[in-house]
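1. Structure for this input, please:
(one chain, ligands or ions: 1)
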Amino acid sequence: MTAENELNELRGIAERVGANDHIDVGSIIRDIVDEKWVNPTGAYNIALKERLTALSVSDNWAEAKLEWKATGEVWYVPMRESADDILPAIHQEKHPHECVCGHKIAWHFEIINTENNIREIVGSEHIGFWMVARHLLADLNIPADMITQERVKVWIKESVKTMKAEWWWSRWGEQFEEWFNAVKETDLRVNVRDGESYWDSDTNRYEHQQLVRKKAVSKMGEPDYAMASIVWRWNHPNNSRRQIETRGYPNERLWNDLQMFYILSQRWKDEIAAEDAETARRIEQLAEQERIAEERRERQRIENEERRQRDRERREQRQIEEAELEGVREERRLAAVIADRINAANSNETFKDMCEYYDVPMFTPNIATKDWDKRFLTDMIRQMSSGKQLSPRQLSFLRNIVVDEPLPATDKQIWYIKKLAGDDYVIPDGLNRTDASSLIDQLKRTGGLIE
Ligand SMILES: [Zn+2]
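-> Presented below is the predicted three-dimensional model:
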């Protein structure tokens with residue numbers, strides 16, 4: 001017997017959630033199975049009731065139905081395929097492809113009568129709320145107060161989803177994996193859209209960010225059709241609705257797109273290769289330009305260094321030349337000084353000779369007292385030092401200053417003497433002014449007679 005407290009608990013759940021005996025999840029199934037769905041008539045429900053009661057311990061349907069529990073096992077068997085490889089032997093022998101009510105099904109939910117351990121198969125429309133609730137409670141340890149109609153539906157949907165996915169993968173999985181892996185990289189290069197542009201320092205130009213294309217452009221078959229990214233739809237980590245998790249297998253659209261993209265993938269790969277080659281060529285050219293520029297800079301640097309070196313050398317050379325020139329100047333200066341001294345010595349010798357010649361002692365301008373005389377003597381020293389002859393007049397003045405020799409008689413004295421003594425009178429040689437004056441006095445006294 002089913003434990004009394006367990007049954008009470010189930011009754012409590014049913015009361016709380018207002019559950020009916022059966023869960024209608026037919027809409028899930030209708031989209032999936034390839035079978036004409038005839039609207040269930042009362043006949044199927046009656047058949048279910050009669051057959052399950054017959055298999056139960058109790059004869060009363062109200063009690064009997066509570067003896068059954070879902071096991072958690074579900075098998076998907078497409079209508080036209082053999083159940084042999086899918087269903088366990090115990091079910092193969094009974095009614096594959098059918099609910100216990102006789103209705104055609106693809107989804108085989110296993111139930112067990114916990115009183116007599118009989119196992120049966122029902123479709124998703126005839127799996128009872130009780131059956132699922134007991135499974136969740138007993139097998140999955142879900143607390144009773146968390147069991148709701150919604151949770152039961154979710155369990156059925158999940159079971160169906162898992163099974164459909166498993167069935168799909170058994171059929172197409174290998175093909176899908178092969179094609180998906182073959183195109184996933186290409187997909188992320190091709191099924192993209194241009195984002196913001198940015199400066200790319202590698203290519204040295206503005207490039208567009210490539211964003212994964214999340215929505216298709218236009219319709220399939222149209223010339224401008226651009227599919228949404230296959231990777232995005234299937235398993236992109238940023239996609240919270242990626243099909244690998246929401247469905248477990250690709251939807252029809254994704255599967256079709258993958259096949260089409262796979263067929264065209266070589267063309268896409270060629271285009272990508274050409275694009276990559278262009279980028280690589282460009283980067284190479286930029287590197288080459290940079291290398292040439294670097295060479296030019298290096299050459300410039302060397303030239304500058306050489307020019308600086310030449311400038312330094314020129315400056316040094318100039319300093320050397322200037323130093324040498326200073327030496328030469330100094331030598332010349334010294335030579336000039338020596339020459340001056342020699343000249344001075346020579347002129348001194350000449351001056352001495354001239355003094356002897358004119359019979360005057362050697363003199364300096366300082367022996368004169370009057371300025372005029374000092375200047376005159378200076379002139380005479382210069383003239384005599386250079387060996388130049390003196391005029392008689394210069395000599396008279398010189399002797400007058402240096403040796404106090406009286407000056408010669410003036411022309412007026414000579415004229416007066418001749419007037420007094422007569423034109424025949426011969427003026428004595430070297431008559432000076434003093435003598436001339438005495439002579440004039442004597443002639444005046446004697447009336448012109450020379451004494
Ligand atoms: Zn049924």
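
2. Now do the contacts for residue 120.
-> Residues counted as contacts of residue 120 (Cβ atoms under 8 Å, 6 or more residues apart in numbering) are 52, 55, 68, 94, 100, 110-113. Where you see a C-beta, it was placed from the backbone N, CA and C, and this is true even at glycine.

3. Tell me the one of these nearest the ion?
-> residue 100 (6.2 Å; Cβ to the ion).

4. Wait, a helix at that closest one?
-> No. Counting by DSSP: H, G, I helix; E, B strand; the rest coil, residue 100 is not part of a helix but coil.

5. For the stretch 1-150 of the chain, what lies in contact range of the ion?
-> Residues of the stretch 1-150 of the chain lying close to the ion (Cβ under 5 Å from the ion) are 99, 101, 103, 123, 126.

6. which residues touch the first one?
-> Read it as residue 99. Here residue 99 is in contact with 44, 48, 105, 121-123, 125-126 (Cβ under 8 Å, 6+ apart).

7. Same question for the second one.
-> Contact criterion Cβ under 8 Å, 6+ apart gives 44-45, 47-48, 51, 122-123, 126 as the residues in contact with residue 101.

8. Swap in 10 Å and give it another go.
-> Residue 101 sits next to 40, 43-52, 95, 122-123, 125-126 when contact means Cβ atoms under 10 Å, 6 or more residues apart in numbering.

9. I'd like to know which of these are part of strands.
-> residue 122 (DSSP state E).

10. List only buried entries from the contacts of residue 101.
-> Neighbour counting with 16 or more other Cβ atoms under 10 Å marks 40, 44-45, 47-48, 51-52, 95, 122-123, 125-126 as buried within the contacts of residue 101.

11. from these, which has minimum pLDDT?
-> Minimum pLDDT for these is recorded at residue 40 (39).

12. Among the contacts of residue 99, pick out the one closest to the ion, please.
-> Nearest to the ion out of the contacts of residue 99 is residue 126 (Cβ to the ion; 3.4 Å).

13. Could you check how far that closest one is from residue 345?
-> As judged by Cβ to Cβ, to the nearest Å, residue 126 and residue 345 stand 155 Å apart.

14. doesn't residue 191 make contact with residue 272?
-> No. In this structure residue 272 lies outside contact range of residue 191 using Cβ atoms under 10 Å: 11.9 Å.

15. Tell me which of the two has more neighbours.
-> Comparing residue 272 with residue 191 by other Cβ atoms under 10 Å, the one with more neighbours is residue 191, at 24 against 15.

16. Tell me which two of the contacts of residue 99 sit farthest apart.
-> 44 and 121 (14.1 Å; Cβ to Cβ).

17. Make sure I have this right: residue 73 is in a strand.
-> Yes. The assignment for residue 73 (three-state DSSP) places it in a strand.

18. number of nearby residues for the nearest residue to it once chain neighbours are set aside?
-> Leaving aside its sequence neighbours, residue 73 sits nearest to residue 110 (Cβ to Cβ, 6 or more residues apart in numbering; 4.1 Å). Other residues near residue 110 number 21, with proximity taken as other Cβ under 10 Å.

19. Tell me who's in contact with residue 110.
-> Residues in contact with residue 110 (Cβ under 10 Å, 6+ apart) are 69-75, 87-88, 90-91, 119-122, 127, 131.

20. now with 8 Å?
-> Applying Cβ under 8 Å, 6+ apart, we find residue 110 in contact with 70-75, 91, 119-121.

21. how far is the helix or strand where it lies from where the chain is centred?
-> When elements are assigned from DSSP states H and E, residue 110 belongs to strand 107-113. A distance of 66 Å separates the C-alpha centroid of strand 107-113 from that of its chain, computed with Cα atoms, centre = their mean, to the nearest Å.

22. That one pairs with which strands, and in what direction?
-> strand 68-76 (antiparallel), strand 119-122 (antiparallel) (DSSP bridges).

23. Which of those strands sits closest to residue 308?
-> The nearest among those, by Cβ to Cβ, is strand 68-76 at 87.8 Å.

24. Residue 390: neighbour count?
-> A count of nearby residues for residue 390, using other Cβ under 10 Å, gives 17.

25. Tell me if it really is in a helix.
-> No. Per three-state DSSP, residue 390 lies outside any helix segment and is coil.

26. Relative to the ion, how far out is it?
-> Distance of residue 390 to the ion, given as Cβ to the ion, to the nearest Å: 170 Å.

27. Now do the contacts for that residue.
-> Here residue 390 is in contact with 358, 380, 383-384, 398 (Cβ under 8 Å, 6+ apart).
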